[in-house]
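Novice: Quick one: sequence and predicted model below, then my questions.
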Amino acid sequence: MIFFYEVYSIDDWVDGHLIWNSHEAYLFAGWSGMGYHATPIGYVIALIPAYFGASARPDDTHGSTLVFRITPTTIQRYVVPDIGFRAYIPSGNTIYAWDGGPLWKWEGDHFQEATEEERQKIIEVPKVTILSVRKDISDLNGWSVRNSITGLPPKSQIQLDGKAIDFFMTLQDLNREVSLDVQLPGGAREQLLHARSRLHLVGKSEYKDKFKKLQKPDASH
C-alpha cells in the first residue's frame, strides 16, 4: 500500500567562491544537508513534535565541496566529500584552500596538502588572515575572486578567452532557496547548484545521490 512507501525530504544549503583568470573559471561550493526518510504515516507523526519546535533527528547528514571547472566549451564537475574550506587563495597557476588548519591546493581533480614552503609563502609571508582573503578581488595578478556566490547579482558575466560566460543567481523563499545557473557561449542555460534551507520533498534517486558515501582518494582531503 502507498502508506508503506518511504517519503524522502532534505534540508540543505550551499554557498561558494567563484575564481577565474583569462582562460578558466573555478566554482568551489560548500554543500551541507540533513536528510529524512519515512513512510507517510511516520512522516506525519514526526511533524507533531516539529510543530512544537522539537525537530526530529535526521536520518542522514552530509557535507561536501563541489568543484566546477568552467571553460568556454566545457564544464567539469568533481565532488570532494566530508570537507569544507573557509578561504581560497589563487597564486600563480595554483588555487590554495584553507580551513584554518593545514594549507591545501587543488590538483586538477582532488585536494592535496601543500608543502611547507608553500604554506610559508601563502599563509605566513605576509601574515594572511581569514579576513583579508575573504575580500573580493578583481584581476589581481591575473585572478579575480567572488567570495560568496549568493551575493552575486541576478545576472553576471565574466570573460574567458574573450568569450562571455553568463551566471544567473536566483534567491527565493525569503532567500532560503538558492539556484545558480551558467550559460556557455552558444549553449543552453545549465543549473550548477540548487539548495533549499527548508525541509522539502525530493525523489529517492536525488536523495541517494546527495547522501551516498563517497570514498576519498588516498592523496585527497
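Specialist: Here it is on my side, so go on. The model shown is predicted, which means the values in this text are computed figures rather than measured ones. Residues are numbered from 1 along each chain as shown.

Novice: Identify the residues contacting E118.
Specialist: Neighbouring residues of E118 by Cβ atoms under 8 Å, 6 or more residues apart in numbering: T94, Y96, L103, K105. Quick note: C-beta positions are derived from backbone N, CA and C, even for glycine.

Novice: Need the nearest residue in space to G203, chain neighbours excluded.
Specialist: Residue nearest to G203 in three dimensions, not counting chain neighbours: Y8, with 6.8 Å by Cβ to Cβ, 6 or more residues apart in numbering.

Novice: what's across from that neighbour in the sheet?
Specialist: Partner residues in beta bridges with Y8: H37, V202, with DSSP bridges as the criterion.

Novice: Please list all residues in contact with G142.
Specialist: Each residue near G142 by Cβ under 8 Å, 6+ apart is listed here: N21, S22.

Novice: Against Q157, how distant is it?
Specialist: As defined by Cβ to Cβ, to the nearest Å, G142 lies at a distance of 18 Å from Q157.

Novice: Show the contacting residues for the residue lying closest to Y207 once chain neighbours are set aside.
Specialist: Across the structure, with Cβ to Cβ, 6+ apart as the measure, the residue nearest Y207 apart from its sequence neighbours is Y8 (4.0 Å). Residues in contact with Y8 (Cβ under 8 Å, 6+ apart) are G35, Y36, H37, L201, V202, G203, K204, E206, Y207.

Novice: F85: which of the residues you listed is nearest?
Specialist: For these, the minimum distance to F85 (Cβ to Cβ) is 22.9 Å, reached by G35.

Novice: my guess is the closest one meets G63, correct?
Specialist: No - in terms of Cβ atoms under 8 Å, G35 does not count as a neighbour of G63; the distance is 12.0 Å.

Novice: Look up which helix or strand the residue nearest to the spatial centre of the chain falls in, please.
Specialist: Here the mean C-alpha position of the chain is nearest to the C-alpha of A29 (Cα atoms, centre = their mean), at a distance of 1.8 Å. Mapping A29 onto the secondary structure by DSSP states H and E places it in strand 25-38.

Novice: Export that strand to CSV, keeping only CA atoms.
Specialist: Included here for strand 25-38 are C-alpha records, laid out as CSV according to Å, rounded to 0.1, in the frame of the first residue of the first chain:
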residue,chain,number,x,y,z
ALA,A,25,37.0,29.7,-14.0
TYR,A,26,36.5,27.6,-10.9
LEU,A,27,33.5,27.4,-8.7
PHE,A,28,34.2,25.9,-5.2
ALA,A,29,30.9,25.3,-3.4
GLY,A,30,30.4,24.0,0.1
TRP,A,31,27.2,21.9,0.4
SER,A,32,25.7,20.6,3.7
GLY,A,33,22.4,18.9,4.2
MET,A,34,20.2,16.9,6.6
GLY,A,35,18.0,14.1,5.2
TYR,A,36,14.9,12.4,6.4
HIS,A,37,13.0,9.3,5.1
ALA,A,38,9.9,7.6,6.5
